[in-house]
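Asks: Task: produce atomic coordinates for the following.
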Amino acid sequence: MKSTKQIELGYGVPDGLYVPKVAQSNVNCTINKPYIIYQKDFDFFKSNIRKWCTKINSSMSHVYKHADLVIGNGSTHIYTVLIRGLYNLLKRPIRLFLEQPYWFVAQVLKKEDPQIKYITDPNADIDLEIRCTPNNPDGTEYIEPRTNAKYLLYDFAYNMTIYTDKPVTINQKKNKTYIYTGTVSKIGVPSSRFGWGFVDGPHSSELAKFMQTEVIITVGGGNVAWYSANNYLNYLLNNEKHFKKLMSTNNTILNNNKKIMMKALEPYKFISIEKPSDHKGGYLWVKTSKNSNLANWFLNKFNVVVKNGKSFGANQQLVRINMMAKTSDIREVARRMRKKFTIKKKIKFNKTRKSK
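Replies: Predicted coordinates:
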């Protein structure tokens, strides 16, 4: 199988999603030399971000309309500036709790960092808890916090009808500060590197101020298209047909990709799908009943790269498979899996006949 082309289904790149031509043509503007962007230079983006987030989840409009808003170089960058902002606000390392298994981007926070003290006990004294929905390794949405943390971050990159039938609504408590992150990348344009974070609750203005002073972005030689991403949001906000087509088309693509992959997995009885990833989120979470490395199994058997569960604080029996990939790649993986299973059945049948 190594002679076949290797297929990458590990990284969460949405290169199989439908993207209007206006985004394809406008987003890829290249900057050839390093430069610095300051938060204050992009305040004019904030109106469209508020409108966009209200559009995709109107039940949270009361937050999106008035909360402090920080812009960053992708949602992962917002994670980073949040930690720095909290560190400056509290004047000590942040006691951070992540659900196990945790969301992949949280690994950025788990690395050795003097600003972070990683806590595994939910009953301990916690400063910040991170909840990610609807894309967790065990398939749950993680809405209700498990700790007494005063600061709660909800990663809403996938909290829209492309990825879930009904976006999550958070019932906020008055004594807690909430941070909601989002990004343009999961509506098909990852090269824009355009993300945001809403900060709402006690000390929100002070925290947002610390975060904004940290939002200084140095870029060189890459695709940087914040202005074009803003134009793309205009395109979707100003025409209901454009918005509905983007949402419904991509939801159909995701569901179709999942059906193809799930059908290919059916004959392999030692593998199960972690629900509700079968109909929510941009990935399939797959688990084996065997005590083995499932990611290596995909690689060695079919030359397909998937994400090992260890990347999420889980074990090697769990993998994440990107369903936002091109349908042609998903079909090819399914073809290889069917072919391999058919050959295995023939070999087993022939051995049975010879033994008789």
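Asks: What segments of the stretch 101-250 of the chain are helices?
Replies: With helices called from DSSP state H, counting those that start in this stretch, the stretch 101-250 of the chain shows them at 107-110, 204-214, 226-237, 240-265.
Asks: Equivalent analysis for the stretch 251-356 of the chain, please.
Replies: Under DSSP H, counting those that start in this stretch, the stretch 251-356 of the chain gives helices at 294-302, 327-355.
Asks: buried stuff in the first one?
Replies: The neighbour-count check on helix 294-302 (16 or more other C-beta atoms under 10 Å) flags 294-295, 297-299, 302 as buried. No exception for glycine: its C-beta is placed from N, CA and C like everyone else's.
Asks: quick one: low-confidence parts of the stretch 151-300 of the chain?
Replies: 190-191, 213-225 (pLDDT under 70).
Asks: If we use 80, what do you get?
Replies: 188-193, 213-229 (pLDDT under 80).
Asks: residues in contact with residue 299?
Replies: The contact partners of residue 299, by C-beta atoms under 8 Å, 6 or more residues apart in numbering, come to 305-306.
Asks: Please apply the same query to residue 20.
Replies: Contacts for residue 20 (C-beta under 8 Å, 6+ apart) come out as 232, 235, 242, 245-246.
Asks: Mind picking the two most distant members of the residues you listed?
Replies: 232 and 245 (13.6 Å; C-beta to C-beta).
Asks: Can you give the domain ranges for this structure?
Replies: Here the domain parsing of the chain from automatic domain parsing is 7-15+241-344, 21-238.
Asks: Next, format the helices of the stretch 101-250 of the chain as TSV and append mean neighbour count.
Replies: Shown next, in TSV, are the helices of the stretch 101-250 of the chain (neighbours: other C-beta atoms under 10 Å):
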stretch	mean neighbour count
helix 107-110	16
helix 204-214	19
helix 226-237	20
helix 240-265	17
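Asks: Quick one, which of the ones you listed gets closest to residue 311.
Replies: Nearest of the helices of the stretch 101-250 of the chain (C-beta to C-beta): helix 107-110, 6.7 Å.
Asks: which residues of the stretch 1-150 of the chain score low on pLDDT?
Replies: Residue ranges of the stretch 1-150 of the chain with pLDDT under 80: 1-3, 22-44, 73-76, 99-114, 132-142.
Asks: That one: strands as residue ranges?
Replies: 7-8, 35-38, 68-72, 94-98, 116-119, 128-132 (DSSP state E, counting those that start in this stretch).
Asks: nearest to residue 182, of these?
Replies: strand 68-72 (10.4 Å).
Asks: Direction included, what does the closest one pair up with?
Replies: strand 195-200 (antiparallel) (DSSP bridges).
Asks: Quick one: residues in contact with the partner strand.
Replies: 49, 53, 63-64, 66-78, 81-82, 172, 177-185, 205, 207-208, 211.
Asks: Show the buried residues in those.
Replies: The buried subset of the contacts of strand 195-200 - by 16+ other C-beta under 10 Å - is 49, 53, 63-64, 67-78, 81-82, 177-185, 207-208, 211.
Asks: Quick check: end-to-end length of stretch 277-290?
Replies: End-to-end distance for stretch 277-290: 21 Å, by C-alpha to C-alpha, to the nearest Å.
Asks: Just give me the neighbour total for residue 270.
Replies: Using other C-beta atoms under 10 Å, residue 270 has 11 other residues around it.
Asks: Identify the residue nearest it in space, chain neighbours excluded?
Replies: residue 289 (4.8 Å; C-beta to C-beta, 6 or more residues apart in numbering).
Asks: What's the local residue count around that neighbour?
Replies: 10.
Asks: contacting residues around residue 10?
Replies: Neighbours of residue 10 in contact, by C-beta under 8 Å, 6+ apart: 305-307, 320, 322.
Asks: Among these, list the two that are farthest apart in space.
Replies: 305 and 320 (11.0 Å).
Asks: quick one: residue 72 from residue 122, how far?
Replies: Going from residue 72 to residue 122 by C-beta to C-beta, to the nearest Å gives 28 Å.
Asks: Same check on residue 208?
Replies: Distance check for residue 208 against residue 122: by C-beta to C-beta, it reads 27 Å.
Asks: Over to residue 308?
Replies: 25 Å.
Asks: Please say which of those two ends up with more neighbours.
Replies: Shown here are residue 308 and residue 122; by other C-beta under 10 Å, residue 308 has more neighbours (21 against 15).
Asks: Which residue is the nearest non-sequential neighbour of the more buried one?
Replies: residue 295 (4.0 Å).
Asks: list the contacts for the one you found?
Replies: Listed by C-beta under 8 Å, 6+ apart, the contact set of residue 295 reads 305-309, 316, 319.
Asks: please redo it, this time with the cut-off set to 7 Å
Replies: When contacts are counted by C-beta atoms under 7 Å, 6 or more residues apart in numbering, residue 295 is found next to 306-308, 316, 319.
Asks: Which of these has the largest number of neighbours?
Replies: residue 319 (32 neighbours).
Asks: Show me what it is bridged to.
Replies: Bridge pairing for residue 319 (DSSP bridges) gives the partners residue 286, residue 308.
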